[in-house]
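Chemist: Would you be able to build a 3D model of this:
(2 chains)
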Protein chains: 2
Amino acid sequence: MKPILSLNAFDPQQTDALDPHIKGEALRRQRLFGAASVLFYREPLEIARGEGCWLMDVRGERYLDCYNNVPSVGHGHPRVAEAVYQQLKRVNTHTRYLHSLVNDYAERLLATFPASLSNITFTCTGSESNDLALRQAFSFTGRRGVIVTEGAYHGNSDLVTAVSPSSFRRGQPPRWVKTIPAPDPLHVPATQQAEVFDSAVAAAIQALEQEGFGVAALLFDSIFSSDGVYADPAGFIAPAVERVRRHGGLFICDEVQPGFGRTGRMWGFERHGVIPDLVTLGKPMGNGFPLAGVVTRPAILERFCQEVGYFNTFGGSPAAAAAGMAVLDALEQEQLIQRAQQSGDYLRVAITRLQASHGGIGAVRGVGLFTGVELLDEAGQPDESLATAVINGLRDEKVLIGAAGPHANVLKVRPPLCFGTVEADFFVQALAKSLQRLGR
Amino acid sequence: MKPILSLNAFDPQQTDALDPHIKGEALRRQRLFGAASVLFYREPLEIARGEGCWLMDVRGERYLDCYNNVPSVGHGHPRVAEAVYQQLKRVNTHTRYLHSLVNDYAERLLATFPASLSNITFTCTGSESNDLALRQAFSFTGRRGVIVTEGAYHGNSDLVTAVSPSSFRRGQPPRWVKTIPAPDPLHVPATQQAEVFDSAVAAAIQALEQEGFGVAALLFDSIFSSDGVYADPAGFIAPAVERVRRHGGLFICDEVQPGFGRTGRMWGFERHGVIPDLVTLGKPMGNGFPLAGVVTRPAILERFCQEVGYFNTFGGSPAAAAAGMAVLDALEQEQLIQRAQQSGDYLRVAITRLQASHGGIGAVRGVGLFTGVELLDEAGQPDESLATAVINGLRDEKVLIGAAGPHANVLKVRPPLCFGTVEADFFVQALAKSLQRLGR
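Modeler: Reported below is the predicted structural model:
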C-alpha cells in the first residue's frame, strides 16, 4: 500500500534510509494510519517539546517554527495550558446548559467584529465552520453556486472539499463551484488587481446564473494562503464582494488562517474595508485546543435554523472557551498583533535584501506574519524543485517552513505571533545559506 | 427573532419568568448565539462544577447527571485534566510530524478492534468521523445509497445531516437516503427482530438499486440511541449487515454513543457478533476534549486517499492523544466497563420494579449504562407530555436526563460510567417521586 504524496511530504519508499528510531516510528505510523499518513520532510521530524516560536525534536535539536499558525500565541503557552487545565478540572459540558464563561468569551470575541456580525456559532474545526457557513448561505439565498479561487483550501468535510480545488487528486469540483484565479502580482499591476479580480468574479457569476445555480456565496480567505499568499493592494477585493451582493449572493470570509491578529489587525478583512456576511474562524482560535466558529448576521443564522437543527457537542464548551479567552488575553497582554505587524515588516525587508545577493527570490509579499516568498527559476518561472530543496535545506538549518500556490513554489512563512526580530534574522540567515548551498 | 424549539428545550418566550441572574445569562446567550441558542429545561441550568456523576450549579445545588455521555469517565476527571495539561505545556502540534504518544495511542486503541480494522484516521468530532466514513464508503463501493433508521442522528455536517432524519425541521433527506424503522420491541417479538430488521433493509436496498443509487452503506449506531435505545436481542443486526454486503455495500457502525465501554463491552457491535467495515468514534473518546476518529480496513481508506487529500489539523494532536490515553487508562484502572455492565443491570431491575407501584412505565430496556424507559399513557400509547413532565420533574429532584425516540417519550438514561448503585438508587427514588407527583 502506497500513501499518496502531498506537498513537501515524506516519501514512504525512503523509509529504509532513515535513522533506526525515526524509521521505527515512521513504520509504526504507516501501519496505524495507512494511506492517510502524510509526514513532512525528506526526513520526518519527531517533536518532543515547544516553547514560543521554537520546537525541539527528540534528539534535543531546536528548530525555529516558521510554519505553524495554530499555536499562534506560542507553543506550549502556559496561560492557555493553565486555563484549559483549570476548566477541565472544574467542569466541561456541552452548551445546552448556561455557562457564564462561554457567554463572556462569545461577548468578548463578537466585540471585535463590525456590529452587523453579532451572532456566533461555535464549532470545533475550521472545516466545520466553513461547512456551516456554506449551508447558511445556501438557505439564506435559496441558491447553490459558490465561487472560490483555483488553489483554495477551506477544509476537509464532504461539502467543504467540494469548494477546495487544491484537495482533488482525481476529478474536479462539482458544477455549482466556479473557480477564479488568485491575484497575480507578477503579471497584473497593483492598480488593476481590483478590476481583474472583479472581472473574474463577474464571469463566474454569469456562468453560475446561466447554469441555473445562481450565486450563493463568494468564499475566500482574505490572505489567499493556499493560492500563494496575496494581500495587496488593500481593498482590492471590495468591488467583487459588492458585485456578488448585487447578484443576491453573500461573502463568506474565511479567517481560519488570517484571523486572530496574524495580518497585524484582528481580522484580515478589516484591511480591505469590507464587512463580510459570514466569517469563519478556526486554527489559532484555541492555540491548539479544537475551537472554531461562524460569525454571522442574525437573520442568516435564523433562516438556517428554520430548516435544520444544529448542535455541536464539543463546540464552545467551557474548556474551549477558556482556551479561547486565554488566547485573547495573550494577544492583548503580549501585544502580539502589533508585534505581528512589526516583525512581519522587518522580515519582508530582510528577505527582500537577500534578492541582491542571491538568485531565486522572485517576489516577497504578505502582511503581518504571513509572508510569501516566490521562488523562480532562471527563466523567471515558478520553481517547485527549488522550493522543495529550500524547504528541506531550511530544515537542515533548523527552520521549519512550508510551500503554497498552484506551483508549490511559494515559501509560506507563517510563524507563531511571538516571532520577533531575533527570529526573523535567524530565518533570513538560514534562507541565505540554503540558497547558497543550492548555488543560488 | 424566535429560536426554534427542540426536545426538552427552554422556551425563550418564558425568559421573563426566570430568576434574575439566570434570566440575565439566558438573555445574553440569546443575543450572542441567536437562533442556534438552545437550552435545556423549563428553567435552564447554569453549571459551575462537576465531579464524577455529579454536576453543581452556580447556587451550589448538586445534580445527579444521568444524561451526559461525553465526560464518560466522570466530570472533571483529574487524570484526563492532568494529561491534557502536561501535553499542552509540552507541545501540541498537528500530525505531520511524528509524535510517539500519538502512535502509542493509535496502537492501543486499534488493539481493541478486530484485526481487519487496522487503520485509524483521527478527527475532532463524531460528525467529522461520520462525514469521512460515508465518503470512504462512497469511493470504495462506487455507489451512493445510504440506509439509516427513521430517527437517526449521526452529526451536523452537510453530508451527515442528510443521513440524520431527526435533524430535519423542513423537508426530508435526499433520495439516496432510505430510512428503515428502528426495532420495535413493543410490537415485534424478540425472536422476530432480526427478520423484521433484515426485511426493512432488503426493501431499502431494492429501492436504492431501482433508483440507480445502489447501496454504499448501512449506517446505524449499535444502540439506536436517538431512535429510542434498542439493544436486544444480541445479534439481531447480523442478517441485515450480511445482506448489505451481498449487495456490495459496507456497514458503518456509529459507535459515537455506544462506544468506549458504555454497553458493558468496549464496542457495541461486539455484542451483535458482527465486524463492521468502518467504525466511527466520538463523544466519550477524550472525555470532553474534542477527539474522534474513523477506524477502517486499509483498502477502504487507501481507495479514498487516491481521490482526495484528507488532513485534519487538530485531529489526533498530542494533547488529544493524551486525553484519549487517559480515558483508556481510567476505563481500565477504574474497571468502568464492568461497572457499566453491573450498574446498568442493577438500574434496569430497579426501574422495572417501579412498574408495580407506578403507572406510565411501558418498557425498560438497554444494555450497560444506556437505558431507555418508555413512557406510555393510559391507553398504552407513547406519552411525550408525560416524558417532558418527568424530565422537568427529575430536574426538580436534582436528576438530569433527556428523552429520545420519534415520540420523544423514551427517557434516555446515559450517565457517566462511574455511576454506581448509590446513584442508581438516587435516580430511581427521584423517578418514583416525579411519577407520583404527576399522579402516576
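
Chemist: tell me which element the nearest residue to A:Gly368 once chain neighbours are set aside is part of?
Modeler: Spatial nearest neighbour of A:Gly368, chain neighbours left out: A:Gly264 (3.5 Å); criterion: C-beta to C-beta, 6 or more residues apart in numbering or on different chains. To be clear about C-beta, it is placed using only N, CA and C from the backbone, and glycine gets the same treatment. Using DSSP states H and E, A:Gly264 maps to neither a helix nor a strand.

Chemist: where exactly do the strands run in the stretch 201-350 of chain A?
Modeler: Ranges of strands in the stretch 201-350 of chain A, per DSSP state E, counting those that start in this stretch, are A:215-221, A:250-254, A:278-281, A:292-296.

Chemist: Which stretches in the stretch 201-350 of chain A count as helices?
Modeler: A:238-246, A:298-307, A:318-333, A:336-357 (DSSP state H, counting those that start in this stretch).

Chemist: Tell me which of those helices approaches chain B most closely.
Modeler: helix A:298-307 (3.9 Å; C-beta to the nearest C-beta).

Chemist: Let me know the angle separating the closest one from strand A:250-254.
Modeler: When axes from the mean of the first three to the mean of the last three C-alpha atoms, to 10 degrees is applied, the directions of helix A:298-307 and strand A:250-254 differ by 90 degrees.

Chemist: picking up where we left off before, what pLDDT does the model give the residue nearest to A:Gly368?
Modeler: We have a pLDDT of 98 for A:Gly264.

Chemist: burial of it, as a residue count?
Modeler: Counted with other C-beta atoms under 10 Å in any protein chain shown, the neighbours of A:Gly264 add up to 23.

Chemist: Would you agree it is in contact with A:Tyr346?
Modeler: No. Judged on C-beta atoms under 8 Å, A:Gly264 makes no contact with A:Tyr346 at a distance of 11.9 Å.

Chemist: Could you list the contact residues of the stretch 251-400 of chain A toward chain B?
Modeler: Within reach of chain B by C-beta under 8 Å from any C-beta of the partner chain, the stretch 251-400 of chain A has these residues: A:282-283, A:288-290, A:298-299, A:301-302, A:304-314, A:317, A:319-320.

Chemist: out of those, which are buried?
Modeler: Buried residues within those, counting neighbours by 16 or more other C-beta atoms under 10 Å in any protein chain shown: A:282-283, A:288-290, A:298, A:301-302, A:304-305, A:307-314, A:317, A:319-320.

Chemist: Not counting residues beside it along the chain, what's closest to the residue positioned nearest the centre of chain A?
Modeler: Chain A has A:Gln257 as the residue nearest its centroid, 2.8 Å off, counting by C-alpha atoms, centre = their mean. Nearest residue to A:Gln257, sequence neighbours excluded (C-beta to C-beta, 6+ apart): A:Ser225, at 4.5 Å.

Chemist: With A:Arg353 instead?
Modeler: A:Val428 is the one closest to A:Arg353 (C-beta to C-beta, 6+ apart), at 7.9 Å.

Chemist: cool, A:Thr296 as well?
Modeler: Leaving out its chain neighbours, the residue that sits closest to A:Thr296 by C-beta to C-beta, 6+ apart is A:Leu278, at 4.7 Å.

Chemist: any chance you could map the strands in the stretch 51-200 of chain A?
Modeler: Assigned by DSSP E, counting those that start in this stretch, the strands in the stretch 51-200 of chain A fall at A:54-57, A:62-65, A:119-123, A:145-149, A:177-180.

Chemist: returning to that earlier point: show me the contacts for the residue nearest to A:Arg353.
Modeler: A:Leu347, A:Ala350, A:Ile351, A:Arg353, A:Leu354 (C-beta atoms under 8 Å, 6 or more residues apart in numbering or on different chains).

Chemist: contacting residues around the last one?
Modeler: Okay, so that is A:Leu354. If a contact means C-beta under 8 Å, 6+ apart, then A:Leu354 has A:Ile361, A:Val428, A:Leu431, A:Ala432, A:Leu435 as its contacts.

Chemist: near chain B, which residues of the stretch 101-250 of chain A show up?
Modeler: By the rule C-beta under 8 Å from any C-beta, the part of the stretch 101-250 of chain A lying against chain B is A:103, A:106-107, A:110, A:118-121, A:124-128, A:131-132, A:134-135, A:156-159, A:161, A:166-171.
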